[in-house]
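J.: how would this look folded up:
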Amino acid sequence: MKAFYLVKNGKSEDAFELRDLQLKEPGDDEVMIEVEAFGLNFADVMARLGYYKACPPLPAVIGYDAAGRIIKKGKNVTDLETGQKVTALTRFGAYATHVVTNKSGVVPVTEDTDAATATALATQYTTAYYAAEFSMNLQKGEHVLIQAAAGGVGTALTQLIKRKGCIIYGTAGSKEKEKYIKNNGVDFPINYREQDFFEYIKSIRGEKSLDAVFDSIGGNYIKKSIKLLAPGGRLVIYGAAQIAGNSSKKSFLRPIKVLMGFGRYSPVKFFAESQSLIGVNMLKTGDFKPEILKKCMTDVVNLYNNGEIKPHISRVFKATELSEAHNYLQKRQSVGKIVVKW
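T.: Numbers count the residues shown, from 1 in each chain. Next up is the predicted model:
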């Protein structure tokens, strides 16, 4: 068994080492999966740069989603079988040829589901499903903003929310990404490098005009989004990608600047406007409400099997190209999901 260990923070070229991996046997509620592919998420970049507090002490094997086959299982695992092809949401450890994880984050996929697609269904589509279905009660005709709509979660959110008949505004960073998000279902694509999303939406709808905002960027984007929320509006935060920037060096000032950009808000403001500010962290959900995680993942796989959602794979990298994959993600060159195959 092998794994890519994150051994130091900084440049992707220096951050990872391929080492032997010694895994414990699966516990009563766990399975061991032989991994065919694992996915990258922006939290991985944050961990590599040293900004992600939940990351285990280095050296550590990071990664949240994997696809492969179950080769061992614990005695309490009755809904999964050895030999099954599965998608898995792990609490770190996915950058490996094998991973042991709790059964609550493992769902079977059909034999014709390719491994790359299966990885996208784990973290990104499950996060989007939880945010859209559990955190929100979106109604037909509501106006919704999705930040970073070309990313993995943004792609998933667009597809899930479009099913509800909402009007979607989405941000992206290039002409190519504008075209991509429009084809994916965004009604009003916004190139944030050329237009300020706040001014653009305000010119069309006015202030206090959005029913929901999904944000993975953080910082001053939150302030602007709150100004656009209508009475009864909801803002979901599931990331703070603005902290990472484009540098491979950790900055102590940048996180402070971004966090200050969030602003400070009294609960009275949200009470007065009948608004909601919601945080989504699927690791915490999995830890404290494993049955909810299982339901979300199962529902996502069923939606995929029924043809109601379709993950977009941006690129599939070889395991030897892990550092290149990390740079590709950090520089925001991707649309949809980035996958690494062994």
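
J.: contacts and neighbour counts: CA atoms only from here.
T.: Fine.

J.: spatially speaking, which residue is in the middle of the protein?
T.: For the chain, the residue lying nearest the average C-alpha position, counting by CA atoms, centre = their mean, turns out to be residue 124 (3.8 Å).

J.: List the residues that contact the residue nearest to residue 142 when sequence neighbours are not counted.
T.: The spatial neighbour of residue 142 that comes closest, neighbours along the chain excluded (CA to CA, 6 or more residues apart in numbering), is residue 166 at 5.0 Å. For residue 166, the contact set (CA atoms under 8 Å, 6 or more residues apart in numbering) comprises 138, 139, 140, 141, 142, 143, 144.

J.: For residue 186, see how far away residue 166 is.
T.: Separation of residue 166 from residue 186 (CA to CA, to the nearest Å): 10 Å.

J.: Check residue 111 too.
T.: Here the criterion is CA to CA. By it, residue 111 lies 31 Å from residue 186.

J.: Those two: which has the busier surroundings?
T.: Each of residue 111 and residue 186 has its neighbours counted (other CA atoms under 10 Å); residue 186 has more, 28 against 10.

J.: Grab the nearest non-local neighbour of the more buried one.
T.: With CA to CA, 6+ apart, the residue lying closest to residue 186 is residue 168, at 5.1 Å.

J.: what about that neighbour, neighbour count?
T.: Residue 168 is flanked by 24 other residues according to other CA under 10 Å.

J.: Tell me which other helices or strands the helix or strand hosting residue 295 touches.
T.: Taking DSSP states H and E as the definition, residue 295 sits inside helix 290-305. Where contact means 3 or more CA pairs under 8 Å, 6 or more residues apart in numbering; DSSP states H and E, helix 290-305 is packed against strand 106-108, helix 115-129, helix 282-288.

J.: Direction included, what does the helix or strand following the second one pair up with?
T.: Past helix 115-129, further along toward the C-terminus, the next helix or strand under DSSP H and E is strand 143-146. According to DSSP bridges, strand 143-146 forms sheet pairs with strand 167-172 (parallel), strand 210-215 (parallel).

J.: List just the one of those that sits closest to residue 91.
T.: Closest approach to residue 91 among the strands paired with strand 143-146 is made by strand 210-215 (22.4 Å; CA to CA).

J.: got the buried residues for the next helix or strand after that closest one?
T.: Sequence-wise, the next helix or strand downstream of strand 210-215 (DSSP H and E) is helix 220-228. By neighbour count with 16 or more other CA atoms under 10 Å, helix 220-228 contains the buried residues 220, 221, 222, 223, 224, 225, 226, 228.
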